[in-house]
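S.K.: Requesting a structural model of the entry that follows:
(3 chains)
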Amino acid sequence: MRDIWVFIEQDSGVVEESSLEVLTKAREIADARGYLVTGVLLGRGVRGIAGGLGRYGAHRVIVVEHPILESYLGEPYASVIGDLIGERNPDYFLASATRNGRDLAGRLAVRFRTGLQAHVVNLDIAEDGSLVGHVPGFGGNIVAVVRNVRGRPQMATVALGVFRPREAWGEAEVEVVEAKLDPSKLRARRVEVVRRGYVDLSKSRRVVVGGMGTGGDLTLVRELAKIIQADVGVSRPLSDIGVAPKDIYIGSTGVSLNADLAVIVGVSGAPHFVSGIRNVKTVISINKDPEAPIAEYSDYLAIGDLFEIIPKLIEKLRRGV
Amino acid sequence: MGLRNIVVTLKVTPKPEEIRFDPVTKTIDRSKATNEINPADKNALEMALQLKDRYGGRVIVVSMGPPFWEPFLKLAVAMGADDAVLVSDRALAGSDTLPTSLTLARAIQRIGDYDIILAGEESSDGGTGQVPPGIAEWLGIPHVTYITSIEIIEPGKARVKRTIKGGYEILEVDMPFLASVELGCNTPRFPDFRRKRWAEREFKLKTWSIADLGLSPEEVGFKGSATTVDTLMELKPPERLRSRITGAPDEIAEELARIIRELLR
Amino acid sequence: MARLRLDFEVRDRVMKHSYGTLSLCYQCGVCTASCLISPGISVRRIIREAQIGVVTREDSWKCLTCRYCETTCPRGVRIADVILGGRIVLYERKVAPEKLVDTLWRVYETGNPLGSPRRERGVWARGLSVESGGDVLLYTCCMNAYDRRLQKVTRSLVEVLARAGVRVTYAWDGEGCCGDIVYSVGEEYFLEELAQGNVEVMERFKPTLIVVTSPHAYNMLVNVYPRYKAKPPAPVVHYTQLLAELITSGRLKPGRLDAKVTYHDPCYLGRWNNVYEEPRTILQHVEGLKLVEMEHNRSNSLCCGGGGGAFWSENIEARSVTRRRLREATATESQAMVTACPYCIRMFEDELKISKYPLVVSDVVEVLASTLR
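M.R.: Down below sits the predicted model:
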């Protein structure tokens, strides 16, 4: 019986949502073939949440607990998971393509001299059991259909926001394994963590994005966002001049939106920006320039002054919505 | 607190927006695209040069690629690198990240005396970000990804700042280690054009083949890879309606409100 | 108190760059008082520091190099040259603003500060009568070649010149940045290569005349290139000079346009190179066009806020300068402000997107072309 292992990333007991996306997808593939899905959960005091992972698709979950594992740290995570893989020999190993997921997978793939597909936007297992994935490249315009041909487990990291997690199954079987870790032998240690509140725009269903056309003043953008219950994003130049933090700028080096609706205000539409809105279902743009490049990438382009249009739009929405 | 060698892995990539895809032959045409040093590698090189400015040591750039990459390596020297190594061999064609990380690791071992190895977080063409942790595994050294700064706190130990969701963490790492550097975390210095002239006329970079690294053709290239590309597809951006709304601001606002209400239903 | 190191070698370099006028300054401070971005920088202090060889301040790049202060200086100090000379020293000391270093990379890698593909430099000219045999070489500014709005200016120019029977030739994607931004950053060695490379390209066309679209390019080719052993192979004119000549000699007859306009003197055309009358001559020959002057015009014209690298470093303080000029234009009750520099047009139009002045910005050649259609 083939076994698909899915790395469940967590931090201080909070599970990373994109791991659940991969878990559900793995289960869907597994159900079609009669395979098993095993979640791999490392953390501190996390055995209590392991069972619940079953609802998202895990048949069973292997839990390894240790204080060092509370948040992701490359060395102990790769060591623990590598040892487990070595002992149990799963057929497939998947992780969400978060920073930590890629960090971990890159190391494990070499340890096992196996194939690792990066950041796949589609995934399946072929008749012969080989993992087949769609790997985007060259700024996302070209996709390579890639197959793992050698090595075990066959590995892939999965792009965030491509699959949706579903709670469609029952509780998972939980196995708690002891960590064979010697903290004194670690060559990298965490000294400090700083976290601010932030919004993960790649998960937002509705976003209003402000660009340089706003002159750096996001008041109208925020008001419009509030009225339609959307999050606020910016184009890179606004982040560069300090009007908004780096976390919320949209573009090839920033956030890629997966929203149902994006209202783009005062953004001209340079290539670096538009690659961040390609997955948005409906794009509405407001721009003074009828020839702004954003026109090509919009479903609706309102040509006019945003400072005059938006207050009226807000007013009308307030009355109607 | 002198550093010995600071190695920077470097890749030359075509500008993504200038790549053309031929839907008939299903191949990528890079010939008309401008080539550049992979932007994140420039940030890695700048970080290495700042380490050298502060703590001493030699910055050595290493690449696995075809001969036409030579001028780019010389550009790295013009920016301040002390030496450059190009691993070039026909057998390397078709390498996926497994033989690539192996080849680079062997080259770094041959260079030797490395305290810190820096790599750009990912390349603008393939963009896997897998090679840096892979190299660290081959070399058996610790690694940290997505760092934005490094400080040496005592001989053999560094403190790095790593970006995480919603913030950052500070880690202490024992040397030697490898770190992947976040794109845009610094401003790469513009090359010294006097040094560039010297690099072009007099500097000789080291060119190694796989035999020089003790590797056989079966370990690299298509044969040494664990994944294969079946085919390529163009991912066209979605066809947009491109419907224009014009008129007085009030009329436009009315139409937009109608559309938005419809969508939010 | 900070320790200062007096460096007479540095002083001598800046002295040389300012044609010896650095020593004329007697610290009266009128420059600081009249500086358009005051109180942004203390011009007087920068000059004083240069006199004792102390060149350390990054705020040198706040200067727009508009030379307005030079019109009030009682001693004739070439202040902009003092600043530019200082920047060369600062650049060596790695003090240059990061945004501007990024621009250098773009000029190096793609031949233009926008980072647009080299291959697409000639796209603006497709379909126009730009041949390979003409003896008048058109040299476009990167902005005029790549910026969609400014391409209209370049196309209008070719249209008008064709009307006048001038055979224009063009280097297409062999053309590269004039290097004005490189010079503004203070980098010299890449600039030298760039200048010599551009001259080599021009020489291949064996032109009898070189026409430039940008006053900045004009300044580089005429005043700066010779310093770097690069001499353009033919006389260089700004297109307003050529057009004025074509009109006054009867080879080009403007049509009619009933409008009231005012003319903005670009710093690099006016104060830097004394070209004040030719653009006005063109406008005055358009029937029905009423040309009014702003309060500050000709040699004491105000800057658009984009010079000296300010456009590329996104100098927010300079925008108050842009607005001030827009207010002056509005005060003349003109329908349009007409000018002859791509940076001026972009600075004014970008500001108009945010501020609401009842004004349209146009280029001299656009006005002329519209009367010929």
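S.K.: so A:Val149 makes contact with B:Lys223?
M.R.: No. Between A:Val149 and B:Lys223 there is no contact under C-beta atoms under 8 Å: 10.6 Å. The C-beta positions use only the backbone N, C-alpha and C, and glycine is treated the same way.
S.K.: got any residues that touch both of these two?
M.R.: Common contact partners of A:Val149 and B:Lys223 (C-beta atoms under 8 Å, 6 or more residues apart in numbering or on different chains): none.
S.K.: Could you check how far the residue of the stretch 201-321 of chain A found nearest chain C is from A:Asp305?
M.R.: In the stretch 201-321 of chain A, the residue that lies nearest chain C is A:Gly215 (3.9 Å; C-beta to the nearest C-beta). Distance from A:Gly215 to A:Asp305, counting by C-beta to C-beta, to the nearest Å: 12 Å.
S.K.: Equivalent analysis for B:Glu169, please.
M.R.: 44 Å.
S.K.: and whichever residue of chain B sits closest to chain C, what does it touch?
M.R.: Of all residues in chain B, B:Phe193 sits closest to chain C, at 3.4 Å by C-beta to the nearest C-beta. By C-beta under 8 Å, 6+ apart, B:Phe193 lies in contact with B:Ala78, C:Tyr189, C:Phe190, C:Glu192, C:Glu193.
S.K.: Quick check, pLDDT for it.
M.R.: pLDDT recorded at B:Phe193 is 96.
S.K.: and it, how far is that from chain A?
M.R.: Counting by C-beta to the nearest C-beta, to the nearest Å, the gap from B:Phe193 to chain A is 27 Å.
S.K.: Do a quick rundown of the helices in the stretch 251-373 of chain C.
M.R.: Secondary structure of the stretch 251-373 of chain C (DSSP state H, counting those that start in this stretch): helices at C:277-284, C:310-313, C:319-331, C:342-354, C:364-372.
S.K.: can you map out the strands along chain C?
M.R.: In chain C, strands defined by DSSP state E lie at C:136-139, C:168-170, C:209-212, C:236-238, C:256-263, C:287-292, C:336-339, C:360-363, listed in chain order.
S.K.: Adding distance to A:Arg196 and mean pLDDT, write those out as TSV.
M.R.: Putting those into TSV (distance: least, C-beta to C-beta, whole Å; pLDDT from 0 to 100) gives the following:
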stretch	distance to A:Arg196	mean pLDDT
strand C:136-139	50	95
strand C:168-170	52	91
strand C:209-212	50	97
strand C:236-238	52	97
strand C:256-263	50	96
strand C:287-292	54	96
strand C:336-339	45	97
strand C:360-363	42	96
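S.K.: from memory C:Ile181 sits against C:Gly309, does it?
M.R.: Yes. Because the distance of 6.2 Å satisfies C-beta under 8 Å, C:Ile181 is recorded as touching C:Gly309.
S.K.: residues shared between the contacts of these two?
M.R.: Joint contacts of C:Ile181 and C:Gly309 (C-beta under 8 Å, 6+ apart) are C:Leu100, C:Thr103.
S.K.: center of the chain - which residue?
M.R.: Assuming you mean chain A. Taking C-alpha atoms, centre = their mean, the centroid of chain A lies closest to A:Leu160, which sits 2.5 Å from it.
S.K.: ah, no, chain C please
M.R.: The centroid of chain C falls nearest to C:His216 when counting by C-alpha atoms, centre = their mean (3.1 Å).
S.K.: Contact partners for the closest residue to chain A within chain C?
M.R.: Using C-beta to the nearest C-beta, the single residue of chain C nearest to chain A is C:Ile354, 3.9 Å away. Taking C-beta under 8 Å, 6+ apart as the contact definition, C:Ile354 lies against A:Gly213, A:Gly215.
S.K.: If we use 10 Å, what do you get?
M.R.: Neighbour list for C:Ile354: A:Met212, A:Gly213, A:Thr214, A:Gly215, A:Gly216, A:Asp217, A:Gly266, A:Phe307, C:Arg319, C:Arg323 [criterion: C-beta atoms under 10 Å, 6 or more residues apart in numbering or on different chains].
S.K.: Scan those and report the most crowded one.
M.R.: Taking other C-beta atoms under 10 Å in any protein chain shown as the neighbour criterion, A:Gly266 ranks highest of these with 29 neighbours.
S.K.: correct me, but that residue touches A:Phe273?
M.R.: No. Contact between A:Gly266 and A:Phe273 fails when scored by C-beta atoms under 10 Å: they sit 11.7 Å apart.
S.K.: Find residues that contact each of the two.
M.R.: A:Val209, A:Gly211, A:Ser235, A:Ile294.
S.K.: These: which ones sit near chain B?
M.R.: For chain B, the contacts drawn from these by C-beta under 10 Å from any C-beta of the partner chain are A:Ile294.
S.K.: isn't C:Phe205 right next to C:Trp172, touching?
M.R.: No. Using C-beta under 10 Å as the test, C:Phe205 is too far from C:Trp172 to be in contact (11.1 Å).
S.K.: Between those two, tell me which one has more neighbours.
M.R.: Neighbours per residue (other C-beta under 10 Å) separate C:Phe205 from C:Trp172, with C:Phe205 holding more: 21 against 14.
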